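Participant: Here's a sequence, model it:
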Amino acid sequence: MASDELNDKIRSAFPETDIFTEPALSQREITIEVQTDEIHDSSSMYITGNHYKLGNWDPSQVELLNNDQNIWSKTLSFSEDTYLEFKFTLGSWEREALDENNEVFLNFNHTVNQDTILRFEVQNWKSK
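Facilitator: Numbers count the residues shown, from 1 in each chain. Reported below is the predicted structural model:
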């Protein structure tokens, strides 16, 4: 097993423990904000993606926080040059974010190179 694959398995098993933190100088903060008027303020929204800090594609692992103004957000740190792919859900793949045409979004992506705020708008959500 390649060392990167082994590290990913360890990260998945112990997501709260960041034993693989890079030196502080190479870390960048990424804030992800999602605006939607289509869910109740007491609902939960999640981000999921290709990195252990994004839940390794588990649609209900990494919850975004609601700021009470129809904007949910989360700030995470990643090493520079980390390539991210991600989606938004309401906790399952059956409740995935939809675009203005009621189509499932393609994976969003971002390569980390500086502290950044990424803003998204979700028009609707898949129904059960």
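Participant: can you give me the strands for the chain?
Facilitator: Taking DSSP state E as the test, the strands found in the chain are 27-35, 45-49, 62-66, 71-79, 83-89, 97-98, 108-111, 116-121, 124-125.
Participant: quick check, distance from the first one to the centre of its chain.
Facilitator: Meaning strand 27-35. Remark: strand 27-35 is offset 9 Å from the chain centroid, using Cα atoms, centre = their mean, to the nearest Å.
Participant: quick one: buried residues of it?
Facilitator: Neighbour-count burial for strand 27-35 flags 27-28, 30, 32-34 (criterion: 16 or more other Cβ atoms under 10 Å). Any C-beta I mention is one placed from the backbone N, CA and C, and that applies to glycine too.
Participant: on that earlier part again, which one of the strands of the chain lies nearest to Ala13?
Facilitator: In terms of Cβ to Cβ, the element of the strands of the chain nearest to Ala13 is strand 62-66, at 15.8 Å.
Participant: Could you look over the strands of the chain and pick the most buried one?
Facilitator: By mean neighbour count, with neighbours taken as mean count of other Cβ atoms under 10 Å, strand 45-49 ranks first of those at a mean of 23.
Participant: between the strands of the chain, which gets nearest to Ile10?
Facilitator: Using Cβ to Cβ, the strands of the chain put strand 71-79 closest to Ile10, at 16.3 Å.
Participant: What strands flank the closest one, and is each parallel or antiparallel?
Facilitator: Applying DSSP bridges to the sheet, strand 71-79 is found paired with strand 27-35 (antiparallel), strand 62-66 (antiparallel).
Participant: okay if I get the ones you listed as TSV plus distance to Lys87 and mean pLDDT?
Facilitator: TSV is the format used below for those (distance: least, Cβ to Cβ, whole Å; pLDDT from 0 to 100):
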stretch	distance to Lys87	mean pLDDT
strand 27-35	11	96
strand 62-66	11	96
